[in-house]
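Trainee: need the 3D shape of this:
(2 chains)
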Amino acid sequence: AQTVTQSQPEMSVQEAETVTLSCTYDTSESDYYLFWYKQPPSRQMILVIRQEAYKQQNATENRFSVNFQKAAKSFSLKISDSQLGDAAMYFCAYRSRGADGLTFGKGTHLIIQP
Amino acid sequence: DAGVTQSPTHLIKTRGQHVTLRCSPISGHKSVSWYQQVLGQGPQFIFQYYEKEERGRGNFPDRFSARQFPNYSSELNVNALLLGDSALYLCASSLAMTGGHSNQPQHFGDGTRLSIL
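Mentor: Next comes the predicted model:
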C-alpha cells in the first residue's frame, strides 16, 4: 500500500515571503499522480496543484510550484509571495493510475504572519 | 456552476444508530468518491462509484455502504454507529473515467460533520 508522509505538522512564514512544504511518499508503482490540496477553516478541500509522474517538468500554478523528485519519492510545494489567504491546512495526496482513491498525508498547518 | 454539494452539513447521532449522507456531484461529473476525515488527520478513502457501480473501496468495515443513482448523486450509509465514526465526511466528484480509471482531479464538497454521542 502507498503511504504519504508530511513531516512538518506546522509551518510559519511572513507575508510576502516564500515557504516550502515537504512531502514524501512510498510506492512501488511507476505511474501515478500527486496532488497538493488546501483546506481552510471553511473545510472545503481545494486543489492547489497536480503532477503526473511521467512528466519530468515540475508543475506550476501562479505562485505555487512543486519540486518533484521521482527517484527520491519527494514532492514539495513552494508558495511564493505568501498571502494571508494562503493560511490553511495543506495536504499532499497520491493516486495510482490504476485506482481512484486518494491517499493523503496528515497535513501541514501553514500560518501566515502579517 | 454549482460545486459538489453535500447534505446535511452537521449531524448528531447516538451509538448504534444508522446515518445516511448525501452528495450531488458537479454537473457532468460521473464519478463520486467518499472520504472520512478524523480531526487532525488527512482524509481516508472509503468508496468510489462510477456509473452506479463500485469501482474502489478503502479499508472500512461492512457497516459502511454506498450507492450511486442514475443522476450520479450518491449516498453513504453507516450502520451501527460507533464513537469512532465521528468525523468529517467528504464527497468528491471527477469527470468521466477513461479505460476504467480517471486521470482527472477530484473536486470536493464542504463535507458533513458527523458527531456520535
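
Trainee: next up, the contacts around residue 16.
Mentor: All of this refers to chain A. The contact partners of A:A16, taken as Cβ atoms under 8 Å, 6 or more residues apart in numbering or on different chains, are A:D81, A:S82, A:Q83. For every residue, glycine as well, the C-beta is placed using N, CA and C.

Trainee: the intended chain is chain B.
Mentor: Per Cβ under 8 Å, 6+ apart, neighbours of B:G16: B:A80, B:L81.

Trainee: next, give phi and psi for it.
Mentor: phi 90, psi -20 (degrees, to the nearest 10).

Trainee: buried stuff in the lowest-mean-pLDDT helix or strand in chain B?
Mentor: Ranking every helix and strand in chain B by mean pLDDT, DSSP states H and E puts strand B:53-57 at the bottom, with a mean of 89. For strand B:53-57, the neighbour count (16 or more other Cβ atoms under 10 Å in any protein chain shown) marks B:R55, B:G56 as buried.

Trainee: can I get it in CSV, CA atoms only?
Mentor: The C-alpha trace of strand B:53-57 is given here as CSV (Å, rounded to 0.1, in the frame of the first residue of the first chain):
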residue,chain,number,x,y,z
GLU,B,53,-21.0,0.7,-9.8
GLU,B,54,-18.5,0.5,-7.0
ARG,B,55,-15.0,0.9,-8.6
GLY,B,56,-12.9,1.2,-5.5
ARG,B,57,-13.1,0.5,-1.7
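
Trainee: partner strands of that strand, with direction?
Mentor: Next to strand B:53-57 in the sheet, as set by DSSP bridges, lie strand B:44-50 (antiparallel).

Trainee: hmm, who's touching the strand it pairs with?
Mentor: A:100-104, B:30-38, B:54-60, B:64, B:66-68, B:74, B:76, B:97, B:102.

Trainee: can you list the low-confidence ranges for chain A?
Mentor: Scanning chain A with the threshold set as pLDDT under 70 gives A:98, A:100.

Trainee: what does it have sitting close to chain B?
Mentor: Applying Cβ under 8 Å from any Cβ of the partner chain, we find that chain A lies next to chain B at A:4, A:33, A:35, A:37, A:42-47, A:50, A:52, A:91, A:93, A:97-107.

Trainee: what segments of the chain are strands?
Mentor: If you meant another chain, say so; for now it's chain A. A:3-5, A:10-14, A:19-21, A:24-26, A:32-39, A:46-52, A:60-61, A:64-69, A:74-79, A:88-96, A:103-104, A:108-113 (DSSP state E).

Trainee: actually it's chain B I care about, not the one you picked
Mentor: B:5-7, B:10-13, B:19-24, B:31-37, B:44-50, B:53-57, B:64-68, B:74-78, B:87-94, B:107-108, B:112-116.

Trainee: the fourth one packs against which elements?
Mentor: When contacts are defined as 3 or more Cβ pairs under 8 Å, 6 or more residues apart in numbering or on different chains; DSSP states H and E, strand B:31-37 packs onto strand B:44-50, strand B:74-78, strand B:87-94.
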